[in-house]
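Participant: what would the 3D arrangement of this be:
(2 chains)
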There are 2 protein chains.
Amino acid sequence: MRVMVTGANGFVGRQLVMRLLEAGEVRGRPIEALLILDRQLDGLPDDARLRRHYGSVTDPALLRRALADGVDVVFHLASLPGGAAEAQYELGYQVNLQGSLELLDQLRNPRRPPVLVYASSVAVYGGDLPLRMDEDQPCSPQLSYAAHKRMVEIALQDLARRGEVDGRALRLPGIVARPREPNGLRSAFMSDLLHAYAAGEAYTCPVSPQASAWWMSARCCVDNLLHAAELQAPGDRRVWQLPVLQLTIAQVLAGLQASLGEETRACISFEPEPQLEALFGRYPALRTTQARKLGFCHDGSVLGLLRNALDLPPRRGTAATRKGICA
Amino acid sequence: MRVMVTGANGFVGRQLVMRLLEAGEVRGRPIEALLILDRQLDGLPDDARLRRHYGSVTDPALLRRALADGVDVVFHLASLPGGAAEAQYELGYQVNLQGSLELLDQLRNPRRPPVLVYASSVAVYGGDLPLRMDEDQPCSPQLSYAAHKRMVEIALQDLARRGEVDGRALRLPGIVARPREPNGLRSAFMSDLLHAYAAGEAYTCPVSPQASAWWMSARCCVDNLLHAAELQAPGDRRVWQLPVLQLTIAQVLAGLQASLGEETRACISFEPEPQLEALFGRYPALRTTQARKLGFCHDGSVLGLLRNALDLPPRRGTAATRKGICA
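Facilitator: Numbers count the residues shown, from 1 in each chain, chains lettered A, B, ... in the order given. You can find the predicted model right below:
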């Protein structure tokens, strides 16, 4: 199999590449070539199967070179995050919309449609959500990032309907725990809180303890991306909301205390920013019946989330595994 | 005011251009230049205000030339119809999606956002509609044409939110009575039926008498496009479902009989095509509370629709006007 990963040097991309190399196969056949595409690729090991393509998805010629010998499975993770895309509209338009459309266009192949797993985002729903929601919630994007993700979902669904690209779009929640570096993500506080607590450092949380968000570890996220690629004939609908853990900041802090001890808890203070609280602090209960039926998963519990996200050892006497409920 | 019309030589485009020239003003100010863009422009009169730009919206340089001296109001009507876009995917992708995105991108102007009226389509909902629906019905496009229209709606809504383009998208139903020529529209039968009845010719209708569709005359459609341009500060939501007349073929035939006499009725026979019946024969009752509140309209009645569509004289003793309920 020839497999491609865009955004391969990103937080999720690196873990996905490592897991693909470890597994050595996808859809029951060995991986002969793993095409990795990103502006830098320094976070990845030497491996004879890796083919490095340096550059951006905004470069059609780079995509054509990478895809010249064909491809069977593509994971399209490259994107400019929401905060950065809102501030740098033109760049977000090129990366998140036009780069994705160009990739989809180059992948069209009615005789042998490649599998495309696309990392979409829960941002597509917008901020004004009902108290309970399910997978059929209408989308009302309130960021350009979200508008462009939604547009690409529609293009992917259309090419799947036409039988030209075997697309599968997953709406990802906040993925933790990202490295503590400026990354243009408005939801960065979710990871920063975990790292700060684990390190025993002071942290000013920009949302309130009552703020309710949707959480997933990178490990569980990679489980889901791989699972999406494995699905055989998943039906007409090709855009799925992943199951999520809906947790308040207070619940996450209680989990951190149970996992790591409470000595550092006093270092966490709160200065809620109204706009951030509105966008990331009011995520409601979410039913994901269809995604669960297809075998997608979340981390199982707040303790499972924290173990997976912070790479903690499993607790003795608990049945939960380190790999989330997918494993 | 500098006004632009794309698709100016089309069925609706020509009538819109004529109405703009007659009115001589838009948004309370005189029209100094009316930029008309299409591959042909032979259906339009000589008028000193007209600036002819020959070509396609898929040509970014043409758009730049047309917009070089600025623009205040744009009517974006150019599109490859649904049937043609499904068969010629690449051309539909360039015209309906990329051409529209390029136009939106060139119109961005945060200091003085131009008004953009975009002709979207009821095709965005897809074919599997509930028995009753309203303006919040989720979209589930089942044609590439519809997918691309929906994507452009989202881009327009996003640029309106950003204050860079003052966009207004209208979802149009089947517009009658189009000229009897191959036009790539799957809904062409709606116009063909009217022309055939009026001409007393035999016609084989490809949907059943029970087929229920949404109807609007071109005159009423132009009323709505002009109204959309006139609205001042229409609020956050910028994608509106126009009010429609929901009529079965049988109701339209009864209206034709009342308007034109029944001598030709026997010439109409039926050979329903299942796919066409599924796409265009099951349009349900539709509530458009928000669009009506904003002043959008339909033709008032089947008789009003036929008068407006076939340019019939008004009936004595009826209060209905020839200009639909907008007038």
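Participant: in chain A, which helix or strand is least confident?
Facilitator: Scoring the helices and strands of chain A by mean pLDDT, DSSP states H and E places helix A:274-280 at the bottom, with a mean of 86.
Participant: and it, what's buried?
Facilitator: Going by neighbour count (16 or more other CB atoms under 10 Å in any protein chain shown), the buried part of helix A:274-280 is A:Leu276, A:Glu277, A:Leu279, A:Phe280. For the C-beta atoms, the positions are set from N, CA and C on the backbone; glycine is no exception.
Participant: give me the distance between the residue lying closest to the third one once chain neighbours are set aside and chain B.
Facilitator: When you say that, I think you mean A:Leu279. Leaving aside its chain neighbours, A:Leu279 sits nearest to A:Gly127 (5.1 Å; criterion: CB to CB, 6 or more residues apart in numbering or on different chains). Going from A:Gly127 to chain B by CB to the nearest CB, to the nearest Å gives 12 Å.
Participant: so who does A:Gly127 touch?
Facilitator: Contact analysis of A:Gly127 by CB atoms under 8 Å, 6 or more residues apart in numbering or on different chains lists A:Gln142, A:Ala278, A:Leu279, A:Arg282.
Participant: which parts of the stretch 101-250 of chain A sit against chain B?
Facilitator: Contacts of the stretch 101-250 of chain A with chain B, taken as CB under 8 Å from any CB of the partner chain, map to A:101, A:105, A:136, A:138, A:141-142, A:144, A:147-148, A:150-151, A:154-155, A:157-158, A:161-162.
Participant: A:Ile175: which of the contacts of A:Gly127 is nearest?
Facilitator: A:Leu279 (16.2 Å; CB to CB).
Participant: so which strand or helix has the nearest residue to A:Arg19 once chain neighbours are set aside?
Facilitator: Spatially, and ignoring its direct neighbours in sequence, A:Arg19 is nearest to A:Val222 (5.3 Å; CB to CB, 6+ apart). For A:Val222, the element it lies in under DSSP states H and E is helix A:218-230.
Participant: chain center to the helix or strand following that helix: distance?
Facilitator: Going down the chain from helix A:218-230, the next helix or strand is strand A:239-241, by DSSP H and E. Strand A:239-241 sits 12 Å away from the centroid of its parent chain (CA atoms, centre = their mean, to the nearest Å).
Participant: and the helix or strand following strand A:239-241, what's its mean pLDDT?
Facilitator: For strand A:239-241, the following helix or strand on the C-terminal side (DSSP H and E) is strand A:245-248. For strand A:245-248, mean pLDDT is 96.
Participant: pull out the buried residues from strand A:245-248.
Facilitator: A:Leu245, A:Leu247, A:Thr248.
Participant: stretch A:163-183 too?
Facilitator: Neighbour counts over stretch A:163-183 (16+ other CB under 10 Å) mark A:164-178 as buried.
Participant: looking at the buried residues of helix A:274-280, which is nearest B:Val207?
Facilitator: Closest approach to B:Val207 among these (CB to CB): A:Leu279, at 46.0 Å.
Participant: now do the contacts for that closest one.
Facilitator: By CB under 8 Å, 6+ apart, A:Leu279 lies in contact with A:Gly127, A:Gln142, A:Leu143, A:Arg186.
Participant: ok, what's across the strand from A:Gln241?
Facilitator: Counting by DSSP bridges, A:Gln241 is bridged to A:Arg171.
Participant: just to revisit the earlier point, now the least confident helix or strand of chain A, how far from the centre of its chain.
Facilitator: 20 Å.
Participant: and A:Leu103, which of the three is it?
Facilitator: Put simply, A:Leu103 is helix when judged by DSSP: H, G, I helix; E, B strand; the rest coil.
Participant: hang on, isn't it packed against A:Leu77?
Facilitator: No - contact between A:Leu103 and A:Leu77 fails when scored by CB atoms under 8 Å: they sit 11.3 Å apart.
Participant: any common contacting residues for those two?
Facilitator: Between them, A:Leu103 and A:Leu77 share these contacting residues under CB under 8 Å, 6+ apart: A:Thr6.
Participant: burial of A:Ala47, as a residue count?
Facilitator: Just to correct that, residue A:47 is Asp rather than Ala. Using other CB atoms under 10 Å in any protein chain shown, A:Asp47 has 12 other residues around it.
Participant: could you do A:Ala254 as well?
Facilitator: A:Ala254 has 15 neighbouring residues, counting by other CB under 10 Å.
Participant: let's verify it: helix, strand, or coil?
Facilitator: Three-state call for A:Ala254 (three-state DSSP): helix.
Participant: now the contacts of A:Leu279 in JSON lines, with pLDDT?
Facilitator: Converted to JSON lines, those look like this (pLDDT from 0 to 100):
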{"residue": "A:Gly127", "pLDDT": "79"}
{"residue": "A:Gln142", "pLDDT": "93"}
{"residue": "A:Leu143", "pLDDT": "94"}
{"residue": "A:Arg186", "pLDDT": "79"}
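Participant: closest to chain B among those?
Facilitator: A:Gln142 (7.0 Å; CB to the nearest CB).
Participant: just give the closest residue to that closest one, not the sequence neighbours.
Facilitator: A:Gly126 (4.4 Å).
Participant: ok, now A:Gln88?
Facilitator: Nearest residue to A:Gln88 in three dimensions, chain neighbours excluded: A:Leu80, at 7.1 Å (CB to CB, 6+ apart).
Participant: OK, contacts around that neighbour?
Facilitator: Contacts of A:Leu80 (CB under 8 Å, 6+ apart): A:Gln88, A:Leu91, A:Gly92, A:Val95, A:Asn96, A:Tyr145, A:Gly184.
Participant: would you check how far apart the residue lying closest to the fifth one once chain neighbours are set aside and A:Tyr93 are?
Facilitator: Put plainly, it is A:Asn96. When the adjacent residues along the chain are set aside, A:Asn96 lies closest to A:His148, with 4.1 Å between them (CB to CB, 6+ apart). Taking CB to CB, to the nearest Å as the criterion, A:His148 is separated from A:Tyr93 by 7 Å.
Participant: which one of these two has more residues nearby?
Facilitator: A:His148 (31 against 23).
Participant: what stretches of the stretch 51-200 of chain A score poorly on pLDDT?
Facilitator: Low-confidence segments of the stretch 51-200 of chain A (pLDDT under 70): none present.
Participant: where do the helices sit along it?
Facilitator: Applying DSSP state H, counting those that start in this stretch to the stretch 51-200 of chain A gives helices spanning A:60-66, A:82-87, A:89-92, A:100-107, A:144-161, A:188-199.
Participant: chain center to the first one, what's the gap?
Facilitator: In this case it means helix A:60-66. Counting by CA atoms, centre = their mean, helix A:60-66 is centred 24 Å from the centre of its parent chain.
Participant: which parts of it are buried?
Facilitator: By neighbour count on 16+ other CB under 10 Å, the buried set for helix A:60-66 is A:Leu63, A:Ala66.
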